[in-house]
Each structure stands twice: as structure tokens, then as C-alpha cells.
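>>> using only what follows, build the 3D model:
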Amino acid sequence: MRIGGFVDMSTVDWYGNVSLVIFFAGCNFRCPYCQNSGLLPVESGEKVDLDTIRSRILVNMSPVPQLDAIIFSGGEPLLQFEGLMDAARLVKGLGLKLMLDTNGSIPGAVEPLLAAGLVDRVALDVKAPLTPEDYRRVAGLGEGAARLVEGVKRTLALCNDYGVELEARTTVAPTVSDGAEFIGRIAREIRGRCNVYYLQQFDNTGDVLSPELKAKQPPTREVLLELGRVALREGIEDVYIKTREHGLEKVG
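Residues are numbered from 1 along each chain as shown. Take a look at the predicted model:
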């Protein structure tokens, strides 16, 4: 596997759990607000074997098993399907929970993981309303946008079919994904199909792909709260916002 890095101990990436986060290299999307843009090339990161991942996990489980979960993030982890399957089996063999953070565009790789009972929770990054036109603009996709959007829809359905916990996420970035109508359309697509919906504040402090967005300020907490209320009005029952200043807050 090619790995871009680890976060050894996180309490904010899967709330209610102490998680180790593994960042897989490579992504098939080019979202302008991406703050992990250094991981976009498939050849980025470092080549890592399964024993290295096992050792990293075990070190963080010692002297007491502080960890209770592992998160596969990226990049897009499912681009490295064979290595990811091996790593998922390792995680479950150690008695830990596993969350997959994915853009959902590769359902053919999602289903074997769900069918084998290797994933406890899926964090699905819903970039935009589920149309090729919106995904071309927001996720930087080309002619394959229609196929990839159908993949996202299929991943949504698979998570529901297998009864896997599903959180949907949208990054709210200025001029890209910060409109009330935009969020309302996403909410209509996912209502009744996810356990929770997170609106995440764009962060301009990372390795942002677009220099123009890097220069913009993140949306305010008040903007995110108003967009969260839009999602509530569209029928999403549990909506949260996540900001650098206040962390996770439920929208009521």
C-alpha cells in the first residue's frame, strides 16, 4: 500500500471513539478545496507493508488498549483495494472497529468489504447534489462524471442494503458549496438514507488544491448553522456542523 501518513490518536474523526487514522495515497477526484492535495497522485506517500500497519496499531494499543477504532481515509482508500482488504482483515482480527472514509465512486470495491462484515461505519463524502454537472464543477471531474455519480448513488444504496452505519459529509467552501439551494438539494438526495449529516467548515490552512480558495476565508459558524437548518427543513433528522473554533455542534 502507499500511505500518506498516520494520526495515531484522534477523538474527533469518529466521535465517541479513540481512533487511529490511516491516510491512503491517490484520489480520482480533484476537489478544489481539498486540503490533502499532496495525496492526490497515486504514486504519492510511502510504500508500506501490512506488518508496518500492524506494528503501528499495536504500539498505540499498548500498554492498555486505548484505541477502539481505525479509520481508513485519504485520498481515496478504495483505489488500493487489495491492500485495503488485507488491512481491514487485520483491523478486525485485532478486535477493533473500522470506519471507511470514501467519496463513494467505486461501489464495486465497497460491496466486498460490506459483504465480509469488515466495515462498521462508512463516512461518505457527498460533494454536491448527485448530478454529473454538479460533480464536474465541485469535484473537478471530466467526462467520467456521470459514471462516478452513479457509483456514489450505488454506494449509498449498498450501505442501506447491508445495514451499515452511514454518515454523510459535505465540505462547505466559499463560492463552491456554500449555497442554501445547493445544500438543500443534497439533503433531498440523502434524507432517510444516512444516520447523520455533517457540514464541515472549509479549512484554508492545509495543502489546498486551489490557490484561489486557499486565499479565501472559511465560512463562518453562523453560515454553517443556517445551512444546517436548511438540511433540517429538507427532512434530515440529525445534522451537525464542524468548525475549527467550536468543534462539533448539533443543529437544532
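
>>> any idea which residue sits dead centre in the protein?
In the chain, the C-alpha nearest the mean C-alpha coordinate belongs to residue 101, at 3.7 Å (C-alpha atoms, centre = their mean).

>>> SS state for that residue?
Classification of residue 101 by DSSP: H, G, I helix; E, B strand; the rest coil places it in strand.

>>> tell me which residues form a beta bridge with it?
Beta-bridge partners for residue 101, by DSSP bridges, are residue 123.

>>> that one contacts residue 76, correct?
No. Counting by C-beta atoms under 8 Å, residue 101 stays clear of residue 76, with 9.0 Å between them. C-beta: built from backbone N, CA, C; applies to glycine.

>>> which residues touch residue 18?
By C-beta atoms under 8 Å, 6 or more residues apart in numbering, residue 18 lies in contact with 9-11, 66-69.

>>> re earlier: gap between the residue nearest to the centre of the chain and residue 133?
Distance, residue 101 to residue 133, using C-beta to C-beta, to the nearest Å: 25 Å.

>>> with residue 11 instead?
38 Å.

>>> in the stretch 101-250 of the chain, which spans are strands?
121-125, 165-172, 196-201, 239-243, 247-250 (DSSP state E, counting those that start in this stretch).

>>> let's have those strands in TSV, adding mean neighbour count and distance to residue 24.
Shown next, in TSV, are the strands of the stretch 101-250 of the chain (neighbours: other C-beta atoms under 10 Å; distance: least, C-beta to C-beta, whole Å):
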stretch	mean neighbour count	distance to residue 24
strand 121-125	22	14
strand 165-172	22	17
strand 196-201	22	19
strand 239-243	22	22
strand 247-250	12	24
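
>>> nearest to residue 146, of the ones you listed?
With C-beta to C-beta as the criterion, residue 146 lies closest to strand 121-125 of the strands of the stretch 101-250 of the chain, at 18.3 Å.

>>> tell me what angle that closest one forms with strand 196-201.
40 degrees (axes from the mean of the first three to the mean of the last three C-alpha atoms, to 10 degrees).

>>> residues contacting the closest residue to residue 165 other than its chain neighbours?
Leaving out its chain neighbours, the residue that sits closest to residue 165 by C-beta to C-beta, 6 or more residues apart in numbering is residue 121, at 4.3 Å. Neighbour list for residue 121: 14, 97-100, 164-167 [criterion: C-beta under 8 Å, 6+ apart].

>>> what's the separation between residue 252 and residue 232?
For residue 252, the distance to residue 232 equals 8 Å [C-beta to C-beta].

>>> which one's more surrounded, the two?
Higher neighbour count among residue 252 and residue 232: residue 232, with 16 against 8, using other C-beta atoms under 10 Å.

>>> ok, now which ones touch that one?
Contacts of residue 232 by C-beta under 8 Å, 6+ apart are 239, 251.

>>> for stretch 69-88, buried residues please.
For stretch 69-88, a neighbour-count test (16 or more other C-beta atoms under 10 Å) marks 69-80, 83-84, 87-88 as buried.

>>> mind naming the longest helix for the protein?
Using DSSP state H, we find that the single longest helix of the chain is helix 145-162.

>>> neighbouring contacts of that one?
So helix 145-162 is contacted by 28-29, 102-107, 110-111, 114-115, 122, 124, 126, 130-133, 135-136, 139, 141, 166, 190, 193-194 (C-beta under 8 Å, 6+ apart).

>>> can you give me the buried ones in it?
By neighbour count on 16+ other C-beta under 10 Å, the buried set for helix 145-162 is 145, 148-149, 151-152, 154-156, 158-159, 162.

>>> off-centre distance for that helix?
Taking C-alpha atoms, centre = their mean, to the nearest Å, one finds the center of helix 145-162 at 14 Å from the center of the full chain.

>>> hang on, residue 235 packs against residue 192?
Yes. Using C-beta under 8 Å, residue 235 is in contact with residue 192, at 7.2 Å.

>>> more neighbours, these two?
It is residue 235, of residue 235 and residue 192, that has more neighbours when counted by other C-beta under 10 Å, with 11 against 8.
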